[in-house]
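J.: What follows is a predicted protein model with its sequence.
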Amino acid sequence: MPLWGGLKPIRRRFILDLATLAAFSYCVQVKPSNLHILILSLCTIITFLTSGITTRWTVSFPMIPLILLQSLRYMSTSASFAASRTHMFLQVFSFVLVLKSFLLTILFPAVKINQVSGEYNVGVVDIHLPVKNFEHDHITVRFLYPTLMKNSKVPYLDVETRDKICNLLMKHGAPAPLNKLVFLLNHWKLSTINARRNATPYVPTACTQNNTHDKKNNNTDDSTSKLPIVVYSHGLTGVAEIYSYQAMSLAASGHFVMSITHSDKSAIGVKRKDGSF
């Protein structure tokens, strides 16, 4: 099985993480100075501004004790201290933290969702579909469909509920004692899919379906225009967004996909139209 399950790291985030660790490694090896403190401060600020405390926990968690150890080195710069066992301990333990962070970053990078292959780009719409004779007056649905509009970056998980989704998936899906470490999936919040939100749908006419008409000259008023419909149902403790890759593959091949987040307690949670989850 390939490292990262066949997924690829988000290049910009991965490079930033490695550059941060390289800077920390430099600070551990050199004599403490004002430049030393400046580098540590910049790395800390950049990490917290770009990913918060727990989103890139592989870097931020080892960073906290590392900064404390390096601060002790900076405050004790006498020649006798530099030659002492305490200084050596601080330096070695700091290097161990950097190495640990490097290994965690390699094993748990922020990954991107692979580009799907197909004839079309993919449009995505998240709506609350009105229904009758149901426990609620709506169901939460994600529509994915073919479009000719250019793809952009769409968050993999809903921005308003992704914290709760990541925490609940760890709490209910991971074995003990890992289920208490609810932050482990927070790197999913950096992932995106290649789609276009609220894009204009492409609906082939009878002519385009018979390959006798250029698809770019789309005529959605043709009475024979239609797309095959696929209803996608998530698994236990899932949500519609988690199956975005599968649904996008169908949409890129010319299907209209209706991906439902169930409200019968089989989902990890459901976002309601009033904003509740």
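T.: Right, received. Where do you want to start?
J.: Any chance you could list what contacts stretch 37-46?
T.: 16, 20, 23-24, 26-27, 63, 67, 70, 74 (CB atoms under 8 Å, 6 or more residues apart in numbering). Quick note: C-beta positions are derived from backbone N, CA and C, even for glycine.
J.: now those as a markdown table including pLDDT, distance to residue 43 and neighbour count?
T.: Shown next, in a markdown table, are the contacts of stretch 37-46 (pLDDT from 0 to 100; distance: CB to CB, whole Å; neighbours: other CB atoms under 10 Å):
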| residue | pLDDT | distance to residue 43 | neighbour count |
| --- | --- | --- | --- |
| 16 | 93 | 10 | 19 |
| 20 | 93 | 5 | 24 |
| 23 | 93 | 5 | 16 |
| 24 | 92 | 7 | 26 |
| 26 | 91 | 10 | 13 |
| 27 | 88 | 9 | 24 |
| 63 | 90 | 8 | 24 |
| 67 | 89 | 9 | 19 |
| 70 | 86 | 11 | 22 |
| 74 | 78 | 15 | 16 |
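J.: So which of these are in strands?
T.: In strands, judged by DSSP state E, none of these are found.
J.: Any chance of JSON lines for those, columns distance to residue 56?
T.: As requested, these are exported to JSON lines (distance: CB to CB, whole Å):
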{"residue": "16", "distance to residue 56": "9"}
{"residue": "20", "distance to residue 56": "9"}
{"residue": "23", "distance to residue 56": "15"}
{"residue": "24", "distance to residue 56": "14"}
{"residue": "26", "distance to residue 56": "20"}
{"residue": "27", "distance to residue 56": "19"}
{"residue": "63", "distance to residue 56": "10"}
{"residue": "67", "distance to residue 56": "15"}
{"residue": "70", "distance to residue 56": "19"}
{"residue": "74", "distance to residue 56": "25"}
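J.: now, which of these sits nearest residue 128?
T.: residue 16 (36.7 Å; CB to CB).
J.: got a list of what the closest one touches?
T.: Contacts of residue 16 (CB under 8 Å, 6+ apart): 46, 50.
J.: mind checking how far residue 234 is from residue 98?
T.: Taking CB to CB, to the nearest Å as the measure, residue 234 falls 40 Å from residue 98.
J.: Revised request: answer the last question for residue 147.
T.: For residue 147 relative to residue 98 (CB to CB), the value is 46 Å.
J.: same check, this time on residue 158
T.: 35 Å.
J.: For these two, indicate the residue with more neighbours.
T.: Just comparing residue 158 and residue 98: by other CB atoms under 10 Å the higher neighbour count belongs to residue 98, 22 against 18.
J.: Cross-check the contact I'm expecting between that one and residue 67.
T.: No: taking contacts as CB atoms under 8 Å, residue 98 lies outside contact range of residue 67: 11.7 Å.
J.: the helices in this protein, which residues?
T.: 11-29, 34-51, 57-75, 79-82, 85-107, 162-173, 206-209, 244-252 (DSSP state H).
J.: CA atoms of the second one as CSV?
T.: What follows is helix 34-51 as a C-alpha-only set of coordinates in CSV (Å, rounded to 0.1, in the frame of the first residue of the first chain):
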residue,chain,number,x,y,z
ASN,A,34,18.7,37.5,18.7
LEU,A,35,18.6,35.9,15.2
HIS,A,36,17.8,32.6,16.9
ILE,A,37,14.8,34.1,18.7
LEU,A,38,13.6,35.9,15.6
ILE,A,39,13.6,32.7,13.5
LEU,A,40,11.7,30.8,16.3
SER,A,41,9.2,33.7,16.6
LEU,A,42,8.5,33.9,12.8
CYS,A,43,8.0,30.2,12.5
THR,A,44,5.6,30.1,15.4
ILE,A,45,3.6,33.0,14.1
ILE,A,46,3.4,31.6,10.5
THR,A,47,2.3,28.2,11.8
PHE,A,48,-0.4,29.5,14.0
LEU,A,49,-1.7,32.0,11.5
THR,A,50,-1.9,29.5,8.6
SER,A,51,-3.2,26.5,10.5
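J.: Low-confidence ranges, the stretch 151-277 of the chain, go.
T.: Residue ranges of the stretch 151-277 of the chain with pLDDT under 70: 205-225.
J.: Which residue ranges of it form strands?
T.: Taking DSSP state E, counting those that start in this stretch as the test, the strands found in the stretch 151-277 of the chain are 152-155, 192-197, 229-233, 256-261.
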